[in-house]
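Engineer: coords please:
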Amino acid sequence: MKKLLYLFFLLSTFTASAQSKKECQELQKAEKQVEANIKIYRETWDKIFNQRDIDQVNDKNFATDVILLNQKEGIRAQGIEGFKKAFNAYLIGFSDIKFTFIDLWGHGDKLVKHWNFLGKHNKTGNMMNLSGVTLVKMKDGKIIEEQDFDDSLWYNQQLGYYIEKEPKITKGMIKVAIYYPNSEGKTFNMEYYESKHMTLAKSLLGNSLKAIAIDKGLANGSPNTPVPYLAIGYLYFDSIASFQKAMNAEVSAKLNADIPNYTNSQPIVQISEVLQ
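Structural biologist: Numbering: from 1, shown residues only. From the prediction side, this is the model:
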C-alpha cells in the first residue's frame, strides 16, 4: 500500500512538473511574440511618419483585410489601399512631422500605443501637437486592426477651424495682457495676429490656455491724437501655476520669435487676476 501511494505521489509530481514546464514554455513563447509584434509595429510606424514612407503600408506589415476603426467603432478605412490613403493624407497635409511613441505595450495579439504627433499644417501654417491612444490587433506578425482615440475638437481648434468667440471668463482666473504700443513707424498685421499667432499660442500652450481675446486699437480718449496701443491680446489661465507651467522657456522663445512676422512694436506684458 505504501509503495502504491509513493508511486502515485511520484506520478502526480511528474505530471505537475510537466504541466508547469509546458505552461512556462507557452508563456515564454507568448512574451517573445509580443516583443516581436512590438518591434515590427514600432519600426513600421516610425518609417511611415518620421521617414514619410507610406509604402510601408504593404502586405508585409499589414494584413490584406486590415481595418481602421474610428472612435465609435465605425469603419474609417479598409484594406491596404484604404489604409494607405487614410494615413497618406497626414503626410500630404503636414510637414516637419515628428511622431513619438510615448509608450507601447501588449498582451497576446493585442497592443496599446500611446503616441504624440507634431507637425506643421501646410494649408493653414498652424502647428499641430496632438496626443492619443491606439488599440491594435496583430495576426501572424501583421497589423490587422487599429482604432485611434484622440481629441478631435482640439485637433480642429489647433487648425483654427473652431475658435471660441465668447470665452467663458470667471472670477479668480489669471489674465495675461499683451500690449502693443503705438508710435511713429509702428505697424501691426491684425490678420496674421488673429489667424496665425494666436493659433500658434493655443497649440503651444495646450489645455492650460482656457480662453483668448483680442482688442484692436481704434482711437484715443482725446481728439486728433494717435491711439496709444495698436492691439492688445489676452490669454486666460486658471492659475499662476498653470500659466508658468505652460509658458516655459521653449514656448516663450517660439512665441517671441513669431512677433516680427506681424509687428515691429515691442510688446508690454501685464499679468492680472480677474475680479469680475
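
Engineer: By mean pLDDT, point me to the weakest helix or strand of the chain.
Structural biologist: Sorting the helices and strands of the chain by mean pLDDT, DSSP states H and E puts helix 2-45 at the bottom, at a mean of 71.

Engineer: Name the surrounding residues that touch stretch 136-153.
Structural biologist: Outside stretch 136-153, the residues that touch it by CB atoms under 8 Å, 6 or more residues apart in numbering are 36-37, 40-41, 44, 59-63, 65-71, 73, 106, 109-113, 130-135, 162. Placement of C-beta: from N, CA and C, glycine included.

Engineer: where along the stretch 151-276 of the chain do the helices fall?
Structural biologist: Secondary structure of the stretch 151-276 of the chain (DSSP state H, counting those that start in this stretch): helices located at 152-158, 190-192, 198-205, 240-246, 249-258.

Engineer: List just the one of these that sits closest to residue 273.
Structural biologist: Evaluated with CB to CB, the helices of the stretch 151-276 of the chain place helix 240-246 nearest to residue 273, the distance being 8.7 Å.

Engineer: Quick one: mean pLDDT for that closest one?
Structural biologist: Across helix 240-246, the average pLDDT comes to 94.

Engineer: Give the other helices and strands that that helix contacts.
Structural biologist: For helix 240-246, the packing partners by 3 or more CB pairs under 8 Å, 6 or more residues apart in numbering; DSSP states H and E come out as strand 174-181, strand 229-237.

Engineer: rewinding a little: any idea which of the helices of the stretch 151-276 of the chain is most buried?
Structural biologist: Most buried of the helices of the stretch 151-276 of the chain, by mean neighbour count (mean count of other CB atoms under 10 Å): helix 198-205, with a mean of 22.

Engineer: roughly how far is it from the heart of the chain?
Structural biologist: Centroid separation for helix 198-205 versus its chain: 13 Å, with CA atoms, centre = their mean, to the nearest Å.

Engineer: ok, now stretch 85-97?
Structural biologist: Per CA atoms, centre = their mean, the centroid offset for stretch 85-97 relative to its chain is 15 Å.

Engineer: tell me which residues in it are buried?
Structural biologist: For stretch 85-97, a neighbour-count test (16 or more other CB atoms under 10 Å) marks 87, 90, 93, 94, 97 as buried.

Engineer: Same check on stretch 74-86?
Structural biologist: Buried-residue list, stretch 74-86, by 16+ other CB under 10 Å: 76, 77, 80, 83, 84.
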